[in-house]
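Colleague: here is the input, now give the coordinates:
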Amino acid sequence: MRSSLRTRLIAACVLIVAIATSVVAAVNLATTRNHTLEQLDGQMNDLATTHGQTIGVWLHSKQAVVASLVQAAAAADPLPAILAAERAGEFNLTYIGYADKRAIFSQQRTLPPDYDATQRTWYRLAAESTGPVTTKPYIGASTGKMLITFAAAQGAPGRVGAVAGADVLLETVTSSVLAIRPTPSSYAFLLDADGTVIAHPDAALALKPASAISTALSNEALAPAQRGRRLELGGRDTLLYVQTVPGTRWRLAIALDRHEATAALQSMITTSAIAALVCAAVAAALLFWWITKALHRLRRLRSVITAAGDGDFTLRLPERGRDELDEIAAAFNRFAGNTDQVLQKIRNVGESVRRASQEIASGNGDLSSRTELQASSLGETVDSVGKLTLTVKQNADSADQANQFAASACQIAEKGGSVVTSVVSVMASIKASSSKVVDIIGVIDGIAFQTNILALNAAVEAARAGAQGRGFAVVASEVRALAQRSADAAKEIKRLIGDAVQNVDSGNLLVADAGATMKDIVASVQRVTSIMGEITLASRVQTAEIEQINQAIALMQGGTQQNAVMVQQAAAAAGSLQKEAAGLSNALGVFRLAA
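Modeller: The predicted model follows:
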C-alpha cells in the first residue's frame, strides 16, 4: 500500500492534535472519575449509616420496652403489664420467666409438663448479661416467619429472679432493608456478625451464610470500610459498602451496581470521545487543504522522477526559484544528464561485448563437439578393454577353481587308494577268522553227536531199569532232543560261514581290482593338476598385462573428459556472456536517451 508524503504529513498533524485532545480529555475524565467515585463512596456510606441508625433506633426502642417490663415481674399479677408491653412494642408475643421454672405469656400457650423457663435460650442469655439482650434471628415454629427475641433480667448475674422477653417479627427491618435501592439493579442485605444472612431480596437466602450469596463475600470483604469494595455478585460488577448497625452485632451491606452508578461518567466519556473525534476531523480537513496547496510543485517533481524511473531521461525540471524544491530540481537535472551519458557509453560497450562473445561461443561450440566425439571413442575403447579384462579375470578365476578342484580330487583319490588297501587287509582277516569259526563249528557238531549217543545209551539203560528209570528216560529224551537241535544249528552255521567265506573271497578280488583302478586315477589327477597350474599362471600374467593397458586408456579418457568439461564450461561461459550482453542491450533499450 503506497503512502504519500502528503498523507503522512496530514496523519502526523492529525495524530498530534488527537493525542493532545486525548490527553486533555483523559486528565479531565480521570479527575472527574475520582471525584465521582469519592462522592459515590460518601453517598453510599451516608445511606448505609442512616439506615443502620434507623434499625439501631428500632432495636433500642424494643429493648427499652422489655427493660421496663421486667420491673413488673415482682407484681402479684404481671399479666396486665405484659399485655401493655406487647401493645406498646408491637411484639408478636410477650412473656416473663421466673427462676422457679414457670412462665407467664401474653397469649394462651399449651406448655409441656416439663417446661423449664430457665433452660430457654433467651432466659440464659439475659441471666448471663448485665443489660438487655437480643437473640439471633430464627424462624418461628408457629408463624413460619423470621423472629428475634428481646430479653432483660431482674437482678445481677447469679442472682436473677426473673427474665422478661418479647418476640418480634423482622418484617419491619426486612422491609426497610429491601427498600434500599440506590439504582434499579442495586440492593441491600442485613447480616449478623458471623456472616449469617438476616434480610436479603432473595428470601431463600435467609439464615444462610454469606458465602451462599457469593464466594467473594469473605470476612475481609464484609468488614466495615469507608470505600466501596469492587466485587462480582450475581454476575454483575458491584461496589460493596458495609456499615455496622449501632448497638448491635449486625452489619448492613449495600451492593451498588457499578455500571448503573457510573452511567453519568460513561456518558461523559462518550461525549468527550466524540468531541475529540470532531476536533481531529476539523484539523484533518484544514491540514489537507493547506498541505495540498503547499505540495503542488512536489507532485510535478514526482511525475518527472517517476518518468525517469521508467527509463525516460529526456525530461527536465524547471529551475525558477531558490527554495529546496528548486535545488532538488537542479540536482535532478544534473543527475539525468550524467546518467544519459553513462547509459549511452554502456550501450555501445555492451554491443561490442555481445558480438565478441558470439564469435567465442561459436568457436567453443565446434571445439566442444570434436572433444566430445574423441571422448566418446575413448569411452567405447575403455568399455571393450574392460569387458576383455573381465573375461580374462573370469578365466583366471575359473582356472584357479579348476586347479583347486583337481588338487582336491587328487587328495581324495589318494585317500580312496589307502582306504581300498585297508579294506583288502580287513577282508583277509575276515577270511582267516571265518576258517577258525568253521573249525569251531566242527568241534561243536562232534560234541552234539557224542551227546546224542550218550543220551541214547541213557535211554536204553532207563528202559532196562523199568519204572525206576522212567524219569531218567524223560531227561535223556530231552537231552537227546537238545543235542539234535545243536547239531542241526551247527550244520546251519557251518553252511552260512561257508557262504560268507566265498563272498569274502569274491569281495577280496573286487577290492584288489578297485585298488589298482584308484592308483591309475591318482596318477591321472596329478597330471591334470600340473596342467591346470600352468594354465592359472598364464592367465594371471595375461590379466596383469591387460589391467596395465586398461589403466593407460583410463588415464587418456580422464584427460579427454576433463578437456571436454573445460571446453563445455568455456562454451557455457561464452554463451552466458552472450546472453548477458543481449540482456544488457535489452535493458538499455528501455531507456529513452538523448540523440
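Colleague: what is whichever strand or helix holds Met518 packed up against?
Modeller: In this assignment (DSSP states H and E), Met518 forms part of helix 470-589. Other helices and strands packing on helix 470-589, by 3 or more Cβ pairs under 8 Å, 6 or more residues apart in numbering; DSSP states H and E, are helix 324-465. Glycine gets a C-beta too; all of them are placed from N, C-alpha and C.
Colleague: per-residue confidence averaged over the helix it packs on?
Modeller: Computed over helix 324-465, the mean pLDDT rounds to 75.
Colleague: okay, Arg120: pLDDT?
Modeller: 90.
Colleague: can you report phi and psi for it?
Modeller: Main-chain dihedrals, Arg120, degrees, to the nearest 10: phi -80, psi 150.
Colleague: grab the nearest non-local neighbour of it.
Modeller: Leaving aside its sequence neighbours, Arg120 sits nearest to Gly97 (Cβ to Cβ, 6 or more residues apart in numbering; 6.6 Å).
Colleague: Glu260 too?
Modeller: Closest residue to Glu260 apart from its sequence neighbours, by Cβ to Cβ, 6+ apart: Thr183 at 3.9 Å.
Colleague: same check, this time on Ile269
Modeller: The shortest distance from Ile269 to any non-neighbouring residue, by Cβ to Cβ, 6+ apart, is to Leu29 (5.8 Å).
Colleague: can you tell me the helix or strand for that neighbour?
Modeller: Applying DSSP H and E as the criterion places Leu29 in helix 5-69.
Colleague: state the next helix or strand along the chain beyond that helix.
Modeller: Later in the chain than helix 5-69, the nearest helix or strand by DSSP H and E is helix 79-89.
Colleague: mind checking how far the helix or strand just after that following helix is from the chain centre?
Modeller: Sequence-wise, the next helix or strand downstream of helix 79-89 (DSSP H and E) is strand 93-98. The chain centroid and the centroid of strand 93-98 are separated by 74 Å, computed with Cα atoms, centre = their mean, to the nearest Å.
Colleague: for strand 93-98, buried residues please.
Modeller: Within strand 93-98, the residues that count as buried by 16 or more other Cβ atoms under 10 Å are 93-98.
Colleague: list the buried residues of the following helix or strand past it.
Modeller: Once strand 93-98 ends, the next helix or strand along the chain (criterion: DSSP H and E) is strand 103-105. Using 16+ other Cβ under 10 Å as the test for burial, strand 103-105 gives 103-105.
Colleague: before we move on, what about stretch 69-87?
Modeller: Of all the residues in stretch 69-87, those buried under the rule 16+ other Cβ under 10 Å are 69-70, 72-73, 78, 81-82, 84-86.
Colleague: repeat for stretch 180-188
Modeller: For stretch 180-188, by 16+ other Cβ under 10 Å, it's 180, 182, 185-188.
Colleague: of those residues, which belong to strands?
Modeller: 187-188 (DSSP state E).
Colleague: would you turn the buried residues of stretch 180-188 into a markdown table with distance to Gly158 and pLDDT?
Modeller: What follows is the buried residues of stretch 180-188, written out as a markdown table (distance: Cβ to Cβ, whole Å; pLDDT from 0 to 100):
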| residue | distance to Gly158 | pLDDT |
| --- | --- | --- |
| Ile180 | 43 | 90 |
| Pro182 | 49 | 88 |
| Ser185 | 53 | 86 |
| Ser186 | 49 | 89 |
| Tyr187 | 45 | 90 |
| Ala188 | 41 | 91 |
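Colleague: ok, so of the buried residues of stretch 180-188, who is nearest Lys345?
Modeller: Nearest to Lys345 among the buried residues of stretch 180-188, counting by Cβ to Cβ, is Ser185 at 85.2 Å.
Colleague: in contact with that closest one, which residues?
Modeller: 236, 257, 259-260 (Cβ atoms under 8 Å, 6 or more residues apart in numbering).
Colleague: Ala253 versus that one, what's the distance?
Modeller: From Ser185 across to Ala253, the span is 15 Å (Cβ to Cβ, to the nearest Å).
Colleague: now Ile360
Modeller: 100 Å.
Colleague: between the two, which is the more surrounded one?
Modeller: For Ile360 versus Ala253, the count of surrounding residues by other Cβ atoms under 10 Å is larger for Ala253: 25 against 16.
Colleague: then whatever helix or strand that one lives in to PDB, C-alphas only?
Modeller: Assigned by DSSP H and E, Ala253 falls within strand 251-257. The C-alpha coordinates for strand 251-257 follow below in PDB (Å, rounded to 0.1, in the frame of the first residue of the first chain):
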ATOM      1  CA  ARG A 251     -24.000  -5.300  59.500                       C
ATOM      2  CA  LEU A 252     -25.800  -3.500  56.800                       C
ATOM      3  CA  ALA A 253     -24.400  -4.100  53.300                       C
ATOM      4  CA  ILE A 254     -25.300  -2.200  50.100                       C
ATOM      5  CA  ALA A 255     -24.500  -3.900  46.800                       C
ATOM      6  CA  LEU A 256     -24.300  -1.000  44.300                       C
ATOM      7  CA  ASP A 257     -24.400  -1.900  40.600                       C
END
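Colleague: in its sheet, which strands sit next to that strand, and in what direction?
Modeller: If you go by DSSP bridges, strand 251-257 pairs up with strand 187-191 (antiparallel), strand 236-244 (antiparallel).
Colleague: determine which stretch of those strands is the most buried.
Modeller: When neighbours are counted by mean count of other Cβ atoms under 10 Å, the highest per-stretch mean among the strands paired with strand 251-257 falls to strand 187-191, a mean of 24.
Colleague: so what touches that strand?
Modeller: 48, 51, 55, 173-174, 177-178, 180-181, 197-201, 205, 210, 213, 222, 245, 250-255.
Colleague: quick one: buried ones out of the residues you listed?
Modeller: 48, 51, 55, 173-174, 177-178, 180, 197-200, 205, 210, 213, 222, 245, 250-255.
Colleague: what about the nearest residue to Gly155 once chain neighbours are set aside, how many residues nearby?
Modeller: Distances taken as Cβ to Cβ, 6+ apart put Gly161 closest to Gly155, at 5.1 Å, once the chain neighbours are dropped. Gly161: 14 surrounding residues under other Cβ under 10 Å.
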